[in-house]
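Visitor: Sequence and predicted model, in that order:
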Amino acid sequence: MSHVPVMLAEVLDTLSPRDAATYCDGTFGGGGYAAAILDAADCTLFAIDRDPDAIARGAELAARHPGRLHLLQGCFGDMIDLLAEREVEALDGVVLDLGVSSFQIDQADRGFSFRMEGPLDMRMSREGPSAADLVNNLPEAELADVLYIFGEERHSRRIARAIVAARIEAPITTTARLAEIIRANVPRDPSGIDGATRSFQALRIRVNDELGEIERGLAAATRLLAPGGRLVVVAFHSLEDRIVKRFMQTATGRGPGQSRHNPAALMARPAPTPFRLLTPQALRPGRDETQANPRARSARLRAIERIAA
């Protein structure tokens with residue numbers, strides 16, 4: 001496979017694959033991390049993806065590593081159940097590359113990109129309500145909330161009002177028409193970011209319940225990690241990274257401090273935590289990588305390790 005995922009060198013260095021270990025790539029995508037992990041050590045890897053196209057693409061890689069790569073279709077938030085079906089109860093490492101994959105973005109018929117004409121879909125699993133269903137059926141106030149909460153779009157109310165007006169004339173069924181409606185109702189961003197970016201992000205996150213999936217996936221991964229096992233997560237926008245950062249701080253006992261006005265809290269010893277933070281500050285991609293792949297610019301890598309018993 002020719003797909004090179006974001007921050008590959010940093011992911012491998014942090015995960016530190018070793019022989020005879022068992023790992024999980026919870027977001028298989030194009031198989032870039034999986035291929036590198038399998039090449040780095042004589043290990044076993046379980047790869048999860050909700051997209052049936054990703055699982056189909058992985059057949060070639062699985063054939064190159066017989067008995068070592070096992071492809072599982074499903075959500076990484078369900079990894080405990082998916083792995084239990086393979087009688088796997090502990091892992092030496094988990095990698096999660098959050099958000100939409102480049103394969104999905106680059107396929108016009110998947111409807112993720114505002115840069116290409118395609119059906120307004122955005123479903124990673126190809127199941128359930130699509131972005132078109134939300135855009136054409138949600139009440140105006142709820143649609144505005146989706147754009148504001150999941151896209152941090154300041155002009156959410158204006159955009160929602162325009163979408164509702166437009167769908168009365170005719171259902172909004174393509175990425176191009178939705179993008180046109182959005183761009184006509186937001187001021188030009190001086191940074192050059194396309195006016196449709198935040199709204200498309202919001203719809204995609206809502207369609208796929210991505211933030212809920214992250215929370216479920218982080219909890220599942222930490223339950224599965226064996227002593228010395230590591231969880232490595234690459235996030236691409238503030239909503240994702242905020243969840244990961246908060247989760248890892250809590251898991252490692254680095255949550256908000258106790259009030260200095262509470263004497264009992266000052267005297268109490270903090271309970272030991274089973275994890276240590278490997279990245280006090282999020283790792284960022286290098287300049288060479290961001291120049292070669294602009295999509296990497298917003299990436300943040302965070303990791304924790306289960307402390308050996």
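Guide: Structure's in. What do you need? Numbering: from 1, shown residues only.

Visitor: low-scoring pLDDT stretches of this protein, where are they?
Guide: By pLDDT under 70, the weakly predicted segments of the chain are 1-3, 100-115, 255-272, 308-309.

Visitor: domains of it?
Guide: 8-103+210-306, 110-208 (automatic domain parsing).

Visitor: With mean neighbour count as extra columns, can I get these in JSON lines?
Guide: From N, CA and C alone the C-beta is placed, and that goes for glycine too. Below are these laid out as JSON lines (neighbours: other Cβ atoms under 10 Å):
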{"stretch": "domain 8-103+210-306", "mean neighbour count": "18"}
{"stretch": "domain 110-208", "mean neighbour count": "18"}
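
Visitor: and the residue nearest the centre of the chain, what is it in contact with?
Guide: Centroid-nearest residue in the chain: Leu98, 1.6 Å away (criterion: Cα atoms, centre = their mean). By Cβ atoms under 8 Å, 6 or more residues apart in numbering, Leu98 lies in contact with 27, 210, 214, 233-236, 240, 244.

Visitor: The same query, at a cut-off of 10 Å, please.
Guide: 26-27, 76, 210-211, 213-214, 217, 233-237, 239-241, 243-244, 299-300 (Cβ atoms under 10 Å, 6 or more residues apart in numbering).

Visitor: Now do the phi/psi pair for it.
Guide: Taking degrees, to the nearest 10, you get phi -80, psi 160 for the backbone angles of Leu98.

Visitor: First residue to last residue on stretch 37-44, what's the distance there?
Guide: Distance between the two ends of stretch 37-44: 9 Å, counting by Cα to Cα, to the nearest Å.

Visitor: Show me the contact partners of that stretch.
Guide: 8, 11-12, 15-25, 31, 45, 47, 61-62, 64-65, 67-70, 86, 88, 91-93, 95.

Visitor: returning to that earlier point: of the contacts of Leu98, which belong to strands?
Guide: Of the contacts of Leu98, the ones assigned to strands by DSSP state E are 233-235, 300.

Visitor: among these, which two are most distant?
Guide: Val233 and Arg300 (8.6 Å; Cβ to Cβ).

Visitor: what residues are shared contacts of these two?
Guide: 98, 240-241, 244-245, 279, 282.

Visitor: Out of those, which comes closest to Phe150?
Guide: For these, the nearest to Phe150 is Glu240 (10.8 Å; Cβ to Cβ).

Visitor: residues contacting that closest one?
Guide: 96, 98-99, 205, 210-211, 214, 233-234, 298, 300.

Visitor: Any chance of TSV for these, columns distance to Gly151?
Guide: Shown next, in TSV, are the contacts of Glu240 (distance: Cβ to Cβ, whole Å):
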residue	distance to Gly151
Leu96	21
Leu98	16
Gly99	13
Ile205	8
Glu210	12
Leu211	12
Ile214	16
Val233	21
Val234	20
Ser298	14
Arg300	18
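
Visitor: which one of those residues is nearest Tyr148?
Guide: Among the contacts of Glu240, and counting by Cβ to Cβ, the member closest to Tyr148 is Ile205, at 12.1 Å.

Visitor: Now that closest one: phi and psi?
Guide: The phi/psi pair for Ile205 (degrees, to the nearest 10) is phi -60, psi -40.

Visitor: How about it: what's its closest non-neighbour residue?
Guide: Nearest non-adjacent residue to Ile205, counting by Cβ to Cβ, 6 or more residues apart in numbering: Phe150, 4.3 Å away.

Visitor: for Ala54, same thing?
Guide: Closest to Ala54 by Cβ to Cβ, 6+ apart is Phe28, at 5.3 Å.

Visitor: Tell me how far Asp288 lies from Ala9.
Guide: 11 Å (Cβ to Cβ, to the nearest Å).

Visitor: how about the residue nearest to Ala54, what does it touch?
Guide: Here Phe28 is in contact with 34, 45-51, 54-55, 57-58, 61, 69, 71-73, 76, 95, 97, 101 (Cβ under 10 Å, 6+ apart).

Visitor: Could you check how far it is from Phe150?
Guide: Taken as Cβ to Cβ, the span from Phe28 to Phe150 is 24 Å.

Visitor: Equivalent analysis for Arg230, please.
Guide: 29 Å.

Visitor: ok, now Ala176?
Guide: 21 Å.

Visitor: what does the helix or strand where Ala9 lies rub up against?
Guide: Element membership for Ala9 (DSSP states H and E) is helix 8-15. Residues outside helix 8-15 that contact it (Cβ under 10 Å, 6+ apart) are 5, 7, 17, 21, 23, 25, 32-33, 35-37, 39-41, 92-95, 97, 229-234, 278-279, 283-286, 289, 299, 301-303, 305.
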